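1. Sequence plus predicted model, see below.
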Amino acid sequence: MDFEALSSCASSGACIVTQISTALIIGALLFMVASGLSLIFGVLGVINFAHGAFYMAGAYFAYAAYQATGSFLIAFVTGALGVGIVGVIFERFIMSRVYGKDVLMQLLVCYATILIFDDLVKMIVGADYKMMGMPDAFALPPFEFAGGFIPPYYVFMVVMSLSIGAGLWFVIERTRLGKIVRALAINPRMVGALGINTMMLYAVVFGFGSVLAGVAGALAAPTRTLTPGMGLSILIESFIVTVIGGMGSIGGALVAALLIGFIRAFGAIGFPLFVDGIMFGMMALVLIIKPSGLFGREPAR
């Protein structure tokens, strides 16, 4: 561990601003992916291991749309809605067949989907690295703060992620649809007895969770290198986020995602060879102390 480098950064305003902005970006992307993962698991009880592939698909959809139109708005919408449609198709024709089945069966289906998505990307786009580049609308001078510089697109990413997260929380906690979704997670038979099409609702929830992954991919496309398999690392970290924050908790996903973001950003300076160890150690500690997660609800007895 390099405590000297960490203390040197702590004494520099420019370094602190840079690392905090990096942490917020990592946290924002993780929050988008993890909130969709948590929503799907909380309502459907399915561990969607293919969620990282949806993140990758969102990035490639946005990349293709931007290359065709030059409009980031169209690229963003294409990435989000494109993955939402793919998610609904995946849920209706594949995932719905393994509801209530053994967890291993669900994981095998999702892992097969990951391999298929990766090969499709290689066949259609190619296996080489792709760069979308910064959209013209955000090709502006960076904001200066305390000696550090923050690109305008970073600010946009954080604001967009927080806005979507706030909207998701409002829908789940404060609307009739949200009450139905929460009831579906607890007692789907009762919801069905009230005349609500639960199969359609499952598809809607899965599709919306997939949209969140697509949004993360579309937001990441201008700042990340696109390559087949790019969703694997963010998927693993998203699972860590959902475990720490608590399955089904949007607020928990936000807090845990920001926590992981700060560990990533400052850990790269102070303990670059042990960042993953810190994250997994923190997850293990939460599982020991509070298995339901920091903001998760204890299962009914």
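-> Right, received. Where do you want to start? Residues are numbered from 1 along each chain as shown.

2. what's the closest residue to residue 162 other than its chain neighbours in contact with, if anything?
-> Once its chain neighbours are removed from consideration, residue 162 has its nearest residue in residue 28; the separation is 7.4 Å (CB to CB, 6 or more residues apart in numbering). (Each C-beta comes from the backbone N, C-alpha and C, glycine too.) Under the criterion of CB atoms under 8 Å, 6 or more residues apart in numbering, the contact list for residue 28 reads 157, 158, 160, 161, 162, 219, 257, 261.

3. between those residues, which has the most around it?
-> For these, the largest number of neighbours (other CB atoms under 10 Å) sits with residue 257, at 31 neighbours.

4. From residue 242, how far out is that residue?
-> Between residue 257 and residue 242 the distance is 9 Å, computed by CB to CB, to the nearest Å.

5. Which neighbours do these two have in common?
-> residue 34.

6. where do the strands sit along this protein?
-> Counting by DSSP state E, the chain forms strands over residues 143-145, 148-150, given from the N-terminal end onward.

7. Quick one: those strands as TSV, columns for distance to residue 86, mean neighbour count and mean pLDDT too.
-> Converted to TSV, the strands of the chain look like this (distance: least, CB to CB, whole Å; neighbours: other CB atoms under 10 Å; pLDDT from 0 to 100):
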stretch	distance to residue 86	mean neighbour count	mean pLDDT
strand 143-145	36	13	84
strand 148-150	33	17	85
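
8. Kindly reformat those as TSV containing distance to residue 284.
-> Written out in TSV, the entries for the strands of the chain read as follows (distance: least, CB to CB, whole Å):
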stretch	distance to residue 284
strand 143-145	36
strand 148-150	34
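
9. Which of those sits closest to residue 36?
-> Put simply, out of these the one that sits nearest residue 36 is strand 148-150, at 26.4 Å, with distance taken as CB to CB.

10. what's stretch 69-79 in contact with?
-> Around stretch 69-79, the neighbours that count as contacts under CB under 8 Å, 6+ apart are 58-59, 61-66, 132, 135-138, 214-215, 217-219, 221-222.

11. What of stretch 12-21?
-> Contacts of stretch 12-21 from elsewhere in the structure, counted by CB under 8 Å, 6+ apart, are 8-10, 145-150, 154, 262, 265-266, 269.

12. Also stretch 187-197?
-> Residues from elsewhere that reach stretch 187-197 (CB under 8 Å, 6+ apart): 180, 183, 184, 198, 201.

13. who wins for proximity to residue 108 among the strands of the chain?
-> Scanning these with CB to CB as the criterion, the closest one proves to be strand 148-150, at 43.2 Å.

14. so what does that closest one touch, helix or strand wise?
-> Secondary structure elements in contact with strand 148-150, counted by 3 or more CB pairs under 8 Å, 6 or more residues apart in numbering; DSSP states H and E, are helix 13-44, strand 143-145.

15. what distance separates the shortest one from the centre of its chain?
-> It refers to strand 143-145. Mean C-alpha position of strand 143-145 versus that of the full chain (CA atoms, centre = their mean, to the nearest Å) differs by 27 Å.

16. what's the answer for stretch 94-114, then?
-> Stretch 94-114 sits 20 Å away from the centroid of its parent chain (CA atoms, centre = their mean).

17. Spatially nearest residue to residue 106 (excluding sequence neighbours)?
-> For residue 106, the spatially nearest residue (CB to CB, 6+ apart) is residue 98, at 5.1 Å.

18. wait, the one you found sits on residue 110?
-> No. Under the contact definition of CB atoms under 8 Å, residue 98 does not touch residue 110, with a separation of 9.1 Å.

19. Tell me which of the two has more neighbours.
-> Remark: of residue 98 and residue 110, residue 110 carries more neighbours, 22 against 16, as counted by other CB under 10 Å.

20. check contacts around that one.
-> 47, 48, 49, 50.
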